[in-house]
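Visitor: Sequence plus the predicted model coming up.
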Amino acid sequence: MVDEDADPEAAYLKSLNDLNSMACSILDTAGYNSKSLQIKLTSFSSKKRQDAILKPRTRERQDAIAKVKVGGGKHFQLTGGAALNEDDYFISLQRSALQSELESLEQQKRKKQESEKRETDALALLQANENRGDDKWNSKELKTLLSWKMEGPVPTKLSTKPNRLAKWMALKAKVVPPAARWTTQDQAELERLKHKIDHITLEDTELGRQRQRMQLEALSTVRGMSESERDEFLRSLANGRSSDNDGDSVVSDRGGSGNNRV
């Protein structure tokens with residue numbers, strides 16, 4: 001990977017890459033397979049990447065903030081001095097939480113599918129060979145049966161047929177619980193998480209949830225008021241807005257008067 005801004009040989013390497021592409025194209029046209037000779041130069045711009053990190057509400061910035069695991073000084077340096085109580089910070093925290101949830105779900109999927117395969121392979125083997133004597137199983141077949149009974153990979157110490165056969169005889173009567181299936185609902189939840197990670201809004205974060213709770217609590221309080229209390233509350237809100245507007249007018253008038261005196 002070549003940094004277009006920091007690597008002094010970036011232009012030279014790019015020209016070599018262009019020449020390689022041209023030569024391979026000529027070989028392909030002549031009927032040769034140039035696949036093994038092709039060079040793929042991957043480049044990036046550190047300046048553009050840094051600009052994206054410093055730009056609010058970008059995925060690059062949010063991911064960079066999420067990776068910082070030390071004190072506020074590093075955050076301050078990363079964000080170019082911007083305050084951390086902004087949307088990007090809370091979104092990065094939420095994305096990290098969802099990413100952990102996604103990784104856990106993907107691990108569950110892998111385990112369930114492995115368990116289901118062990119069960120399917122072993123039962124198919126037994127059903128196809130119902131009357132086969134235990135000593136007739138070959139080493140590979142015993143490994144399949146043991147993997148099912150042991151609910152996981154067969155240890156390396158059981159690498160020979162005699163060892164596997166002895167273990168099979170010991171575990172043959174063991175009742176193995178049915179394998180848990182990875183369902184369409186599980187897959188739908190996995191896809192939902194993947195989509196959500198790329199489309200997080202402030203409303204999905206803890207800050208957004210707290211704001212929503214406060215709004216609901218305020219609404220509940222207003223609904224619980226008597227009619228006179230509600231009227232008084234609305235009047236106080238109106239007076240507050242009026243005071244704010246009056247303050248703006250005073251500042252404007254003073255500014256105007258001062259200009260008239262000059």
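Guide: Nice, thanks for sending it over. Remember, it's a predicted structure, so these values are computed and weren't measured experimentally.
Visitor: Which pLDDT does the model give residue 161?
Guide: pLDDT, residue 161: 95.
Visitor: need the contact list for it.
Guide: By C-beta atoms under 8 Å, 6 or more residues apart in numbering, the contact set of residue 161 is 138, 139, 142. C-betas here are computed from N, CA, C, even on glycine.
Visitor: could you redo the last one with a cut-off of 10 Å?
Guide: Listed by C-beta atoms under 10 Å, 6 or more residues apart in numbering, the contact set of residue 161 reads 135, 137, 138, 139, 140, 141, 142, 143, 168.
Visitor: Helix, strand or coil: sort out the fifth one for me.
Guide: In this case it means residue 140. At residue 140 the chain is in helix, as set by DSSP: H, G, I helix; E, B strand; the rest coil.
Visitor: and what of the first one?
Guide: Of the three states, residue 135 takes helix under three-state DSSP.
Visitor: got any ranges where the stretch 1-150 of the chain has weak pLDDT?
Guide: 1-10, 12-13, 41, 43-89 (pLDDT under 70).
Visitor: could you pull out the strands for it?
Guide: 2-3, 43-44 (DSSP state E, counting those that start in this stretch).
Visitor: about what we covered before: can I get the contacts of residue 161 in CSV with neighbour count and distance to residue 161?
Guide: What follows is those, written out as CSV (neighbours: other C-beta atoms under 10 Å; distance: C-beta to C-beta, whole Å):
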residue, neighbour count, distance to residue 161
135, 8, 9
137, 19, 8
138, 10, 7
139, 14, 4
140, 9, 9
141, 19, 10
142, 23, 7
143, 18, 9
168, 19, 10
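Visitor: Show me the domain layout of this protein.
Guide: 1-44, 100-184 (automatic domain parsing).
Visitor: Columns distance to residue 192 on top of the ones you listed, output as TSV?
Guide: Listed next are those as TSV, based on distance: least, C-beta to C-beta, whole Å:
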stretch	distance to residue 192
domain 1-44	31
domain 100-184	10
